[in-house]
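Engineer: below is the sequence, then the predicted model.
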Amino acid sequence: MTIVGKQTLSNLNDFQKEIHHDAKQLLDFDNFYSIFLKSKTVSETVDAVGRLIKNNQSHYEQFNPLFHYDNSFWITQLFVKLFLLKKLDYFSNLGSNQEIANCLRISGFPSLEFYFSTNSQLAKDGFYLREKNLQIDLLYLDIFNKDMFINADGFANLINSRIGKNLATVDVKTLTGIFKTLAKILGEDDFSVDLNLLQSGNNQMLPLSKIDLPAIVTDQLFVLAQSRQKDIFALDNGFQIDFNEEMSLYLIQAIDSLGHSQWFFKVFDTYDQWTFLDVLTKYNWFLKWYLDNLNYLKIAYRDDLFPG
């Protein structure tokens, strides 16, 4: 056989290997997708999407499949499927033409549209749920390390936005309730979940990122509370505001054994139901004070994931 003939045969053998590689990868994709569609538990569903994403990241040698979607597409499908497992249809991934799209909508909230994105500047494997019109990140989800974290600033900015200001208090409760349900669902697969300012509970403490709290900030709070006929008291370690007969908010300072100071927000109510976001939503004057002084009042939380 001539040198040219040998090279031709070698090239054909290499091509066959590439076709075999691509065929196996495509077969794996079909298998993982079938498992995803048939999955009955949260664990099976999350695992199937993880496999689909890893398959999606693998390189095809010769094929160029028309169905090669972004990784965020599969996270979007996961979101919908997780709720459907519980017979809940909060989220829809259908576009205006009623075809599957890489976006999420919630029935009853026509002004809101969500999609998943990544942050290339962070060495993380997770995705951010972002509101498209406002460009606000609401949560971080990592299915490989099993993490779900709520972005406190994101939700505060959402309710203060042009869209959020048109939402009734009951609408905000419905919206936040959906994310609480998501946290409960992911908890079935041992996800590490932190609801932050969406978490109710009289023992919930939200630490502030700043150690020092200037007197001018608390003075403003005193003036605003009194102008709204809200009882506000100075405590030995901070302040207490009685918003109504059932609910009070505390801004308190704790000092550890080493003498380090830390300020906290704490919501206390009779029925253990109010969240810090509920307070921000219902009392606009308090929300304005919080956002105006966010440099001092920002909740200390996962700066590695939610910088800025």
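Structural biologist: Received it, and whenever you're ready, just let me know what you need.

Engineer: check the gap between the residue sitting nearest the centre point of the chain and residue 50 for me.
Structural biologist: Central residue of the chain (C-alpha atoms, centre = their mean): residue 139, 1.4 Å from the mean position. Computed as C-beta to C-beta, to the nearest Å, the residue 139 to residue 50 distance reads 18 Å. From N, CA and C alone the C-beta is placed, and that goes for glycine too.

Engineer: again, but for residue 131
Structural biologist: As judged by C-beta to C-beta, residue 131 and residue 50 stand 25 Å apart.

Engineer: so where's this protein uncertain?
Structural biologist: The chain contains residues with pLDDT under 70 at 1-21, 59-68, 96-98, 120-123, 308.

Engineer: so residue 131 and residue 50 - more neighbours on which side?
Structural biologist: Higher neighbour count among residue 131 and residue 50: residue 131, with 21 against 16, using other C-beta atoms under 10 Å.

Engineer: can I assume the more buried one is in contact with residue 138?
Structural biologist: Yes. The pair residue 131 / residue 138 is scored as a contact, 6.5 Å apart, by C-beta atoms under 8 Å.

Engineer: which residues are common contacts for those two?
Structural biologist: 114, 158 (C-beta atoms under 8 Å, 6 or more residues apart in numbering).

Engineer: and the nearest residue to residue 293 once chain neighbours are set aside, what element?
Structural biologist: Nearest non-adjacent residue to residue 293, counting by C-beta to C-beta, 6 or more residues apart in numbering: residue 217, 4.9 Å away. Per DSSP states H and E, residue 217 falls inside helix 215-227.

Engineer: mind listing residues that contact that helix?
Structural biologist: Here helix 215-227 makes contact (C-beta under 8 Å, 6+ apart) with 231-232, 239, 241, 251, 285-286, 289, 292-293, 296-297.

Engineer: and the buried ones among those residues, selectable in ChimeraX?
Structural biologist: Filtering these down to the buried ones (16 or more other C-beta atoms under 10 Å) takes a single ChimeraX command:
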select :232,239,241,251,286,289,293,296,297
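
Engineer: next, check the contacts of helix 215-227 against the strands and list the overlap.
Structural biologist: In this view, these that belong to strands under DSSP state E are 231-232, 239, 241, 251.

Engineer: so residue 164 touches residue 156, yeah?
Structural biologist: No. The pair residue 164 / residue 156 is not scored as a contact, 9.3 Å apart, by C-beta under 8 Å.

Engineer: ok, which stretches of the stretch 101-250 of the chain are strands?
Structural biologist: All strands of the stretch 101-250 of the chain, identified by DSSP state E, counting those that start in this stretch, fall at 114-117, 127-131, 136-142, 147-150, 192-194, 205-207, 231-235, 238-242, 247-255.

Engineer: great, nothing more from me.
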